[in-house]
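Undergrad: below: sequence and its predicted model.
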Amino acid sequence: HFYKRSQGRSEQGFSTPGRPGQEVAGEDSVTKEVFERRKMVKKARRCFLRTQKEETQNLLTDSPKMMARTKHMMFQNKQQMAKDRATMEANLRNSVILDVGGDRFLALRTTLKRYPTTRLGKLMMATSLDKIFEFCDEYVPGDPPEFFFDRNPDNFPAILNMYRTDKFHMNEAGCALVFKKDLEYWVIDEFTLEPCCSLKYFPEVDVCQSEKDGDLQAKLKAMETAAEEDFGHSQSGQLRSWLWNTMEYPHTSRIAQILAFFSLSMVLISTVTFIISTAEELQDVSESVAFSAIVLVIDIIDNFVVLFFTMEYLIRLVICPRKAKFILELMNIIDFLAIIPFFLSILLEGLEDFEIIGKTGKIIRLIRVMRILRVFKLVRHFAGLQSLLYTLQQAYQELGLLLVLVAVGILTYSSLVYFAEKEVPDIEGLNCTNWKSGFSRDKWKHIGSHPCYTWTFVESFWWGLMTITTVGYDLYPKTFLGRLIGGFCALTGIFILTLPIPIVVNSFASFYRNRLWRNEVEQKKKERTLQIAADLKQGRHRNFF
């Protein structure tokens, strides 16, 4: 190609490039250059073929060694693959699949056999289908086999982790009673829990169980009350039912709410009039016309309030479904005690006027003081006060602990200070013979400061109560030993009242909060039930669920 190209250029009158000033030969010089180039290509080809031949000979010389090495490596790989396959098959035969509520878990048989008394341990040692189905709900044979359990899978990871680590910890989330039921199903002792989780589990179980029992009792009581308050479908029964709901349940109608608000106002007004009537200026009003008018107004208000409470009590007593239960109920006893002092005072004043009995001024004043019991009628109108009483009833253990500690401290320090202050101090010139005769009625309150005065045990007990509660009392010890005992009594009182209070407060707050929540839920349920009943009565069928 180079030759033809050069020849064409020569024919066209072009010269082959060369050195300047030198004339390039024509056709002979081109041919020579082509042959030289061909010679160089042949030489390069011979070198390449020689090198390839040498490499091929070397490869043929070393091929037996290479083949032996390759065969050895392939044999080792086959052996390793066989071992891996055997190990995999052994693991598959030793492993099982546990399907708990749709969640699948892979575990080894040897791991589950660590606790042979549990459900999974007995299942792994079962040798027949009857035994297998005794411990699981479904069984799928295979490699590995699969066992199905129709249970909630939320707590199962913690249970399976116990088999793997020999340490049992519970999950943070979830109900303690549900976890307890799961432990009973898997036949695991709850005392195998680690201490860190036991401190949370057992108190939570007690709280949940008490709440569950309380809710069950409330439902049973509501069912019994609904059965008792079924007055029938007659006209008189419907009227009686309407009056009973109006008097007892303020949430049933607008009239019931107004009546409850009016009753609450009467309680507050009667309490205010009672406080005003105790003023010293209103005790003897024979010389003051203004005070006489105030006393008259107070008497009119008090009579009206008592008349209202009496009518309310009698109406509720007449229409109640069970008379004995109504009379013995605590709130109804308080209502009765709130109105009975008024009639007793009228009866005693009448007997005094007819000279049947003597002076009854102190008895009448004592009976009138009982009118303050009307303030307890507020409990009927406030769910918070009802929850407070219920909380006091539930937290009796914590409150009892506090009272026992205070009582032990009072008895201990009262006995010590009694014997410390019993001896009369040895003071020169002190004569304690008939020393009490020099005290008049006005000076009798200062008798405790006299050097000849010795404490009685009742006074020591009163001193211990006032000191251990850090209130203080005018009677104080005079000896060094008595003052030392008094100092320790005050310090002990601080610790006794401070340390148990967080326990009592936490328990009290928990009970009170749960009770308020339960009352609110019950109130909403009653309102929803009344709404459904009213809609069904009007023929409006709605989907409430």
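TA: Cool, the structure landed.

Undergrad: and Leu416, what pLDDT?
TA: Leu416 carries a pLDDT value of 89.

Undergrad: wait, it sits on Gly486?
TA: No. Counting by C-beta atoms under 8 Å, Leu416 sits too far from Gly486 to count as a contact (9.5 Å). Glycine gets a C-beta too; all of them are placed from N, C-alpha and C.

Undergrad: doesn't Ala173 lie inside a strand?
TA: No. The assignment for Ala173, made by DSSP: H, G, I helix; E, B strand; the rest coil, is coil rather than a strand.

Undergrad: who are the contact partners of it?
TA: Contacts were defined as C-beta atoms under 8 Å, 6 or more residues apart in numbering; by that measure Ala173 touches Asp154.

Undergrad: at 10 Å instead, please
TA: Ala173 makes contact with Asp154, Asn155, according to C-beta atoms under 10 Å, 6 or more residues apart in numbering.

Undergrad: would you map the strands across the stretch 301-450 of the chain?
TA: Counting by DSSP state E, counting those that start in this stretch, the stretch 301-450 of the chain has no strands to list.

Undergrad: picking that back up, mutual contacts of Leu416 and Gly486, please.
TA: Gly464.

Undergrad: separation between Asn332 and Lys323?
TA: As judged by C-beta to C-beta, to the nearest Å, Asn332 and Lys323 stand 11 Å apart.

Undergrad: ok, these two, which is more surrounded?
TA: Neighbour tally, Asn332 and Lys323, criterion other C-beta atoms under 10 Å: the higher count belongs to Asn332, 17 against 10.

Undergrad: next, count neighbours for the closest residue to that one other than its chain neighbours.
TA: Nearest-residue entry for Asn332: Phe326, 5.7 Å, with adjacent residues in sequence omitted and distances by C-beta to C-beta, 6 or more residues apart in numbering. Around Phe326 there are 16 other residues, counting by other C-beta under 10 Å.

Undergrad: what's near enough to touch Phe326?
TA: Phe326 sits in contact with Tyr313, Arg316, Leu317, Val318, Ile319, Cys320, Asn332, where contact means C-beta under 10 Å, 6+ apart.

Undergrad: which among those end up buried?
TA: Tyr313, Arg316, Ile319, Cys320, Asn332 (16 or more other C-beta atoms under 10 Å).

Undergrad: and the residues you listed, which two are furthest apart?
TA: Largest separation among those by C-beta to C-beta: Ile319 and Asn332, giving 13.2 Å.

Undergrad: just to revisit the earlier point, what sits in contact with each of Asn332 and Lys323?
TA: Common neighbours of Asn332 and Lys323 (C-beta under 10 Å, 6+ apart) are Leu317.

Undergrad: who are the contact partners of the nearest residue in space to Thr454 that is not next to it in sequence?
TA: Leaving aside its chain neighbours, Thr454 sits nearest to Lys422 (5.7 Å; criterion: C-beta to C-beta, 6+ apart). Residues in contact with Lys422 (C-beta under 10 Å, 6+ apart) are Thr454, Trp455, Thr456, Phe457, Ser460, Thr479, Gly482.

Undergrad: most neighbours, which of these?
TA: Neighbour max across the contacts of Lys422 (other C-beta under 10 Å) = Ser460, 25 neighbours.

Undergrad: and Lys39, how many residues sit next to it?
TA: Neighbourhood size, Lys39 [other C-beta under 10 Å]: 10.

Undergrad: from Arg46, how far off is it?
TA: Applying C-beta to C-beta to Lys39 and Arg46 gives a distance of 11 Å.

Undergrad: before we move on, what about Lys221?
TA: 116 Å.

Undergrad: swap in Trp462?
TA: From Trp462 over to Arg46 the distance is 133 Å, taken as C-beta to C-beta.

Undergrad: and those two? Which one has more around it.
TA: The neighbour count for Trp462 versus Arg46, taken as other C-beta under 10 Å, is higher for Trp462 (16 against 10).

Undergrad: quick check, the more buried one in a strand?
TA: No. Checked against three-state DSSP, Trp462 lies outside a strand; its state is helix.

Undergrad: who's in contact with it?
TA: Contact partners of Trp462, counting by C-beta under 10 Å, 6+ apart, are Ile410, Ser414, Trp455, Thr456, Tyr473, Leu475.

Undergrad: make it 7 Å
TA: Taking C-beta atoms under 7 Å, 6 or more residues apart in numbering as the criterion, Trp462 is in contact with Tyr473.

Undergrad: ok, now Val406?
TA: Here Val406 is in contact with Ile468, Ile496 (C-beta under 7 Å, 6+ apart).

Undergrad: now do the strands in this protein.
TA: Ranges of strands within the chain are 95-100, 103-108, 138-140, 146-149, based on DSSP state E.

Undergrad: output these as a markdown table; include the columns mean neighbour count, mean pLDDT and distance to Glu184.
TA: Formatted as a markdown table, the strands of the chain follow (neighbours: other C-beta atoms under 10 Å; pLDDT from 0 to 100; distance: least, C-beta to C-beta, whole Å):
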| stretch | mean neighbour count | mean pLDDT | distance to Glu184 |
| --- | --- | --- | --- |
| strand 95-100 | 19 | 89 | 15 |
| strand 103-108 | 14 | 89 | 20 |
| strand 138-140 | 13 | 88 | 21 |
| strand 146-149 | 19 | 92 | 14 |
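
Undergrad: with distance to Phe231 as new columns, can the ones you listed be given to me in a markdown table?
TA: Listed next are the strands of the chain as a markdown table, based on distance: least, C-beta to C-beta, whole Å:
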| stretch | distance to Phe231 |
| --- | --- |
| strand 95-100 | 52 |
| strand 103-108 | 54 |
| strand 138-140 | 54 |
| strand 146-149 | 51 |
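
Undergrad: circling back to that earlier point, could you find the lowest-pLDDT member of the contacts of Lys422?
TA: Thr454 (72).

Undergrad: can you tell me how far that residue sits from Ser460?
TA: When Thr454 is compared with Ser460 (using C-beta to C-beta), they lie 10 Å apart.

Undergrad: Ser95 too?
TA: Distance from Ser95 to Ser460, by C-beta to C-beta: 77 Å.

Undergrad: what of Leu378?
TA: 39 Å.
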